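> here are the coordinates; sequence isn't available:
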């Protein structure tokens, strides 16, 4: 297991944050977005650097970003807007300890050697903090724009994973090298199943980025993952609306919950019991200021799961 994955799962369970650090999916956030002239799903990035530094200082274990090359109004979600590897380089420069994850890079849309070079660059510049989540992609409109075949993305995904594993040796001319070459294999986490067989995924990948779900759903999903991948990390996400009343009851919504912090702790304990080893919190549904919510979780929730 890579050093970044060991850091992610060292205590059996850890908590991170999925960017963007914005709450534009709330009523107030939507009004602010419209006033600013941003597209539906396009976040307010004015405080993104300040909030990323805050997450690092507060002790969150990882920052996760998504790879959304093109804005598609059918999806209405621009993620964090910035190009993934460029943004990771910036985040590596303004943070010190927090792991930097992708959830996930769409491999079939990218030139393989440049993807590998970008990932290795981030890994080295961040001193080994990269968690490279990868996927085959699920937005058909993007593929013809990039001159790629949507129908052959499963084959392209397998080919690129093979290149990561031998660091392009079978594709490069004799004597040619791709630098920088990581001192240890980059940790490759798969989002979903990438149109692959479960046994292939379990053998080839170092961890799973599972779609958000309830603890009951994760019991079944993590069991399937364990059957093909053994003890490799199982990771997921929660779309959280942390309510001001610490005793507020839990209400489920799509991909997550609204709850006070005491119910959030219970939900995270249930996730851990279900086999989840890391949860990334997503705040775009959060009605309170994001910084205030991050600070409350750091004070009352992180100490329950993270060693001091």
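Thanks, I have the structure now. Just so you know, these numbers come straight off a predicted model, no measurement behind them. Numbering: from 1, shown residues only.
> For the rest of this, base every contact and every neighbour count on C-alpha atoms.
Noted.
> Now the closest residue to residue 58 other than its chain neighbours, what are its backbone angles?
Nearest residue to residue 58 in three dimensions, chain neighbours excluded: residue 298, at 6.0 Å (Cα to Cα, 6 or more residues apart in numbering). Backbone torsions of residue 298, given as degrees, to the nearest 10, read phi -60, psi -40.
> I'd guessed residue 298 sits against residue 56; true?
No: judged on Cα atoms under 8 Å, residue 298 makes no contact with residue 56 at a distance of 10.8 Å.
> one step back: ok, now which ones touch the residue nearest to residue 58?
With contacts defined as Cα atoms under 8 Å, 6 or more residues apart in numbering, residue 298 is in contact with 58, 59, 60.
> That one and residue 263, how far apart?
Distance, residue 298 to residue 263, by Cα to Cα, to the nearest Å: 15 Å.
> And residue 75, by the same measure?
With distances taken as Cα to Cα, residue 75 is found 31 Å from residue 263.
> Which one of these two is surrounded by more residues?
Set side by side, residue 75 and residue 263 give different neighbour counts by other Cα atoms under 10 Å, the larger being at residue 263 (19 against 10).
> who's in contact with the residue nearest to that one when sequence neighbours are not counted?
In space, not counting the residues next to it along the chain, residue 263 is nearest to residue 250; the distance is 6.0 Å by Cα to Cα, 6+ apart. By Cα under 8 Å, 6+ apart, residue 250 lies in contact with 257, 258, 259, 260, 263, 264.
> mind listing what the fourth one touches?
Taking Cα under 8 Å, 6+ apart, we find residue 260 in contact with 242, 243, 244, 245, 246, 247, 248, 249, 250.
> Show me the strands in this protein, by range?
Using DSSP state E, the strands found in the chain span residues 14-18, 62-65, 99-102, 105-106, 130-135, 188-191, 207-209, 234-242, 251-253, 256-259, 278-282.
> wait, residue 219 sits on residue 275?
Yes: with contact taken as Cα under 8 Å, residue 219 and residue 275 are classed as touching, separated by 6.5 Å.
> Neighbour count: those two, which is higher?
Between residue 219 and residue 275, residue 275 has the larger neighbour count (other Cα under 10 Å), namely 23 against 18.
> Pull up the gap between the residue nearest to the more buried one when sequence neighbours are not counted and residue 68, please.
For residue 275, ignoring the flanking residues on the chain, the nearest one in space by Cα to Cα, 6+ apart is residue 222 at 5.8 Å. For residue 222, the distance to residue 68 equals 26 Å [Cα to Cα].
> go on, residue 124?
Residue 124 is 24 Å from residue 68, where distance means Cα to Cα.
> Mind checking which of those two has more residues around it?
Under the neighbour definition other Cα under 10 Å, residue 124 and residue 68 were set side by side, and residue 68 has more, 21 against 16.
> ok, that one - contacts?
Residues counted as contacts of residue 68 (Cα under 8 Å, 6+ apart) are 78, 79, 81, 83.
> ok, back up a step: can you tell me which of the contacts of residue 260 comes closest to residue 49?
Residue 49 lies nearest to residue 242 out of the contacts of residue 260, by Cα to Cα, at 21.8 Å.
> Was I right to think that closest one contacts residue 258?
Yes: taking Cα under 8 Å as the contact criterion, residue 242 and residue 258 are neighbours in contact, 5.8 Å apart.
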